Structure formats: structure tokens, C-alpha cells
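Asker: The sequence and its predicted three-dimensional model are supplied below.
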Amino acid sequence: MPSTLLLRARQSSRSWTGLIFSTALHLILIMLAAWWVLSSRTPTPRPPEPECFVTASGSAPSSGLASSSYAVNHPPKAHQSIQRIAVNLPSSTVALPSFSSPETSTINSQSLVSSIGGGGKGRGLSFGSLVGQRHFMGRPVLGASIQAQRVAVYLDCSGSMRPYLQRVSQEIKSQYPDADIFQFDGARIVALEGVVVYGKQFRGNAPKLTEAPSPTVETELTEAGKQLFRQLRSYCEKGSLGAWLDRVLGEPYDALVVFSDFQDGVRVYDESDKRAPKLVYSDSTYRPVGTQLPPGLWQKRWLEVFRQGSKGKGPKLYLFSIQQSPQPFLQACVEASGGASVDVGWLRSARRSAKP
């Protein structure tokens with residue numbers, strides 16, 4: 001029995017010794033294999049950047065053309081600095097790299113933001129200032145170049161003007177088929193103190209004026225023109241050119257055209273005596289009164305609107321006179337709007353020569 005126990009103890013010790021030896025041997029072999037793999041790996045060398053490149057005319061050595069080599073310079077990379085642009089909003093910033101171009105100088109961040117908003121001074125970046133502006137190619141009409149898309153025309157249809165109305169209408173329609181042509185008696189502008197009689201701001205009693213029905217051909221008007229004619233017909237049959245201009249200034253027309261002999265002129269009444277307003281100024285050919293046009297709010301408002309025409313944001317005024325020059329105030333409106341005043345007295349000569 002003791003011999004058997006001794007034999008089992010010897011066998012157990014031999015088993016543990018073999019296991020430890022085998023494990024150690026495997027670890028050594030694994031470490032040797034890993035060292036071999038790592039030590040045998042060599043990094044692939046990067047090809048050097050070329051110092052020059054060669055151009056040749058062909059591959060044949062007998063071609064007789066020499067090759068040429070050019071040095072290649074590699075400039076160092078330049079890092080752009082980051083510049084912050086302050087926007088007029090709390091806790092809002094926009095980061096952009098600074099830049100410059102051959103045609104423009106360096107643009108600072110403040111001018112860039114303001115120019116995109118419409119009030120900038122940057123070169124080539126002011127977009128907001130163009131909003132709402134209207135620019136049109138000029139079309140020739142009776143010796144003037146009218147720059148417009150939508151045109152409203154006032155024809156003086158008094159007795160002395162009627163022989164020329166058809167010719168003038170044809171000239172305008174040939175260039176502007178959609179022009180709205182309105183016909184009313186005379187071309188007088190009547191003001192009662194600071195308001196145009198029968199104009200937009202007029203309230204109260206008007207002085208005694210000539211009244212005549214309008215021969216406007218309503219079927220030849222645009223849809224917008226027809227609606228406008230129904231609104232201003234009764235006012236303009238009494239207030240003539242003054243009422244027409246005062247009311248049409250607020251309409252979306254690019255050009256206002258007036259054809260007349262301009263003999264009626266501008267008249268200003270004083271309403272101190274409300275029962276009988278007194279005529280204090282008139283530059284009419286028929287009845288001149290006074291020497292200086294009294295200032296009025298209506299004049300200021302007209303000039304303000306017409307000044308927008310020279311900027312492409314309002315109507316331009318075009319005057320065609322068959323007899324005398326338009327009144328000084330109307331000429332001032334033409335100049336403010338960037339329109340034109342044209343003498344078409346040749347229409348009378350053409351009519352006389354056409355008679356048998």
C-alpha cells in the first residue's frame with residue numbers, strides 16, 4: 001500500500017513539470033515569431049519630389065530635338081488668418097478668411113456686411129441699393145427717348161389741339177401699344193393755397209372752373225387704365241391736368257407724358273374769402289396775374305415724387321408742346337425726374353403742308 005501511494009505522487013509531480021515546460025516553450029516560440037515579424041518589416045520609402053521636369057519633342061533619339069529641363073519650386077504653404085465679422089444681432093458672429101483680389105483692395109468685414117445689406121461702400125458688392133430700381137431702354141417718340149415700360153398719357157383735347165391728337169396717339173402706340181391714353185380739356189393746374197383743386201388732398205369748395213366731358217376711348221385702355229379712368233374721370237373733367245397729375249403720381253407708371261400747347265398755365269387762388277376765392281397768381285397766356293409762383297405743399301410733394309424718377313424708383317415726366325414752352329414749375333418737374341421737354345411745333349407745319 002505505501003508503494004502504491006509513492007508511485008502516484010511521482011506520476012503527479014511529473015505531469016505538472018511537463019505542463020509547465022510545455023507552456024513556457026510555447027510562450028518562447030510565440031515571442032520569437034513576433035520578434036521575427038516585426039524585425040523583418042521594412043518601411044516603404046517615399047519617392048522624393050522631383051526637382052525638375054523634362055520636356056521632349058519625341059521618343060526617337062534620331063529626331064534631333066533637344067530636351068529641356070525646368071526647375072520646380074515648391075512654395076511653402078501659407079495659412080490664412082481667421083477674421084470675425086460682427087453682425088448686428090446679439091451673440092451672432094460669422095467667421096470668414098480674409099481675402100483680396102487683383103481688382104479690389106482688401107475688404108474689411110464691416111463694409112462687407114453693410115454692402116450686402118444694401119448700404120455698403122464695397123466695390124461690386126452693393127446689392128441692396130439696386131432693389132426697387134427700374135431701368136429701361138429708351139424708345140423714340142416724337143423726338144424724345146422715353147425710358148419706361150408702363151406709360152400714362154395726357155392729351156389736351158381742347159379745340160385747337162384736336163387736329164393733332166390722332167397723329168400723337170399713333171406715334172405713342174407704335175412704341176408703347178399698352179400705353180393708357182387719357183383725354184381731358186385743357187392743361188391747366190389750379191391750386192387753392194397748398195392743395196391742387198380736385199387732386200388727392202382736395203377738400204372743400206373749388207373756384208369756378210371750365211368743365212368739359214372727356215372723349216377718352218375707354219376700350220383702348222388696359223384693365224388697370226379702365227379702372228383708373230373710372231376713378232379720376234369726374235375730377236379731371238373739372239381739375240384738368242393738375243388733378244390728373246396729382247392723382248396719377250401714386251400709380252405704378254414709369255413715365256407720364258403730356259401733350260398740349262401749355263397756354264392754360266398754373267393758377268393759384270387764395271381762400272381767405274371762402275365765398276369767393278381770389279386769384280393771386282396765374283402764368284396763363286389768357287390771364288397773367290402776379291410774377292412769382294407762391295410756394296405750396298403740392299409743389300414740394302410733386303418734386304419729391306419726380307426726384308425718385310431720376311433714381312429709377314418713380315415716374316419720369318415728358319412734355320410735348322406744340323406752341324409755347326411749358327411753365328417753369330413743370331420744367332422743374334421734368335428736370336427733377338430725368339425726363340424731357342420737347343417742342344413739336346413741326347406738327348403744325350406738317351399739317352399745313354398736308355392741306356390741298
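Answerer: Received the coordinates, thanks. Residues are numbered from 1 along each chain as shown.
Asker: low-confidence ranges in the stretch 101-250 of the chain?
Answerer: 101-135 (pLDDT under 70).
Asker: Okay, helices next: where are they in it?
Answerer: Remark: helices assigned in the stretch 101-250 of the chain by DSSP state H, counting those that start in this stretch are 109-116, 162-175, 223-248.
Asker: Columns mean neighbour count and distance to Leu192 on top of the ones you listed, output as a markdown table?
Answerer: All C-beta atoms are positioned from the backbone trio N, CA, C, and that covers glycine. Formatted as a markdown table, these follow (neighbours: other Cβ atoms under 10 Å; distance: least, Cβ to Cβ, whole Å):
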| stretch | mean neighbour count | distance to Leu192 |
| --- | --- | --- |
| helix 109-116 | 16 | 46 |
| helix 162-175 | 15 | 29 |
| helix 223-248 | 19 | 11 |
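Asker: now for those, which one comes closest to Trp346?
Answerer: Comparison of those against Trp346 by Cβ to Cβ identifies helix 162-175 as nearest, at 10.9 Å.
Asker: CA-only coordinates of that closest one in PDB, if you can.
Answerer: This file holds the C-alpha atoms of helix 162-175, laid out as PDB (Å, rounded to 0.1, in the frame of the first residue of the first chain):
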ATOM      1  CA  ARG A 162     -57.800 118.100 -81.700                       C
ATOM      2  CA  PRO A 163     -56.300 118.000 -85.200                       C
ATOM      3  CA  TYR A 164     -53.100 116.600 -83.800                       C
ATOM      4  CA  LEU A 165     -54.400 114.000 -81.300                       C
ATOM      5  CA  GLN A 166     -54.700 111.100 -83.700                       C
ATOM      6  CA  ARG A 167     -51.100 111.500 -85.000                       C
ATOM      7  CA  VAL A 168     -49.800 111.800 -81.500                       C
ATOM      8  CA  SER A 169     -51.700 108.700 -80.300                       C
ATOM      9  CA  GLN A 170     -50.400 106.700 -83.300                       C
ATOM     10  CA  GLU A 171     -46.800 107.700 -82.600                       C
ATOM     11  CA  ILE A 172     -47.100 106.700 -78.900                       C
ATOM     12  CA  LYS A 173     -48.900 103.400 -79.600                       C
ATOM     13  CA  SER A 174     -46.300 102.400 -82.200                       C
ATOM     14  CA  GLN A 175     -43.700 102.300 -79.400                       C
END
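Asker: May I see the helices of the stretch 101-250 of the chain organised as a markdown table, with distance to Val197 added?
Answerer: Shown next, in a markdown table, are these (distance: least, Cβ to Cβ, whole Å):
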| stretch | distance to Val197 |
| --- | --- |
| helix 109-116 | 46 |
| helix 162-175 | 25 |
| helix 223-248 | 5 |
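Asker: so which of those helices gets nearest Ile322?
Answerer: Nearest to Ile322, of the helices of the stretch 101-250 of the chain and by Cβ to Cβ, is helix 162-175 at 6.4 Å.
Asker: what packs against the closest one?
Answerer: Judged by 3 or more Cβ pairs under 8 Å, 6 or more residues apart in numbering; DSSP states H and E, helix 162-175 is in contact with strand 138-141, strand 151-156, strand 180-184, strand 255-260, helix 346-354.
Asker: So for Val217, which of the helices of the stretch 101-250 of the chain sits nearest?
Answerer: Here helix 162-175 is closest among these (Cβ to Cβ), at 9.0 Å.
Asker: What lies in contact with that closest one?
Answerer: The contact list for helix 162-175 (Cβ atoms under 8 Å, 6 or more residues apart in numbering) reads 139-142, 146, 151, 153, 155, 157, 179, 181, 183, 257, 259, 320, 322, 347-348, 351.
Asker: List buried residues within the residues you listed.
Answerer: Buried members of the contacts of helix 162-175, scored by 16 or more other Cβ atoms under 10 Å, are 139, 141-142, 146, 151, 153, 155, 157, 179, 181, 183, 257, 259, 320, 322, 347.
Asker: where does the stretch 251-356 of the chain have low pLDDT?
Answerer: 274, 350-356.
Asker: Can you show me the helices along it?
Answerer: Using DSSP H, counting those that start in this stretch, helices in the stretch 251-356 of the chain cover 297-310, 328-337, 346-354.
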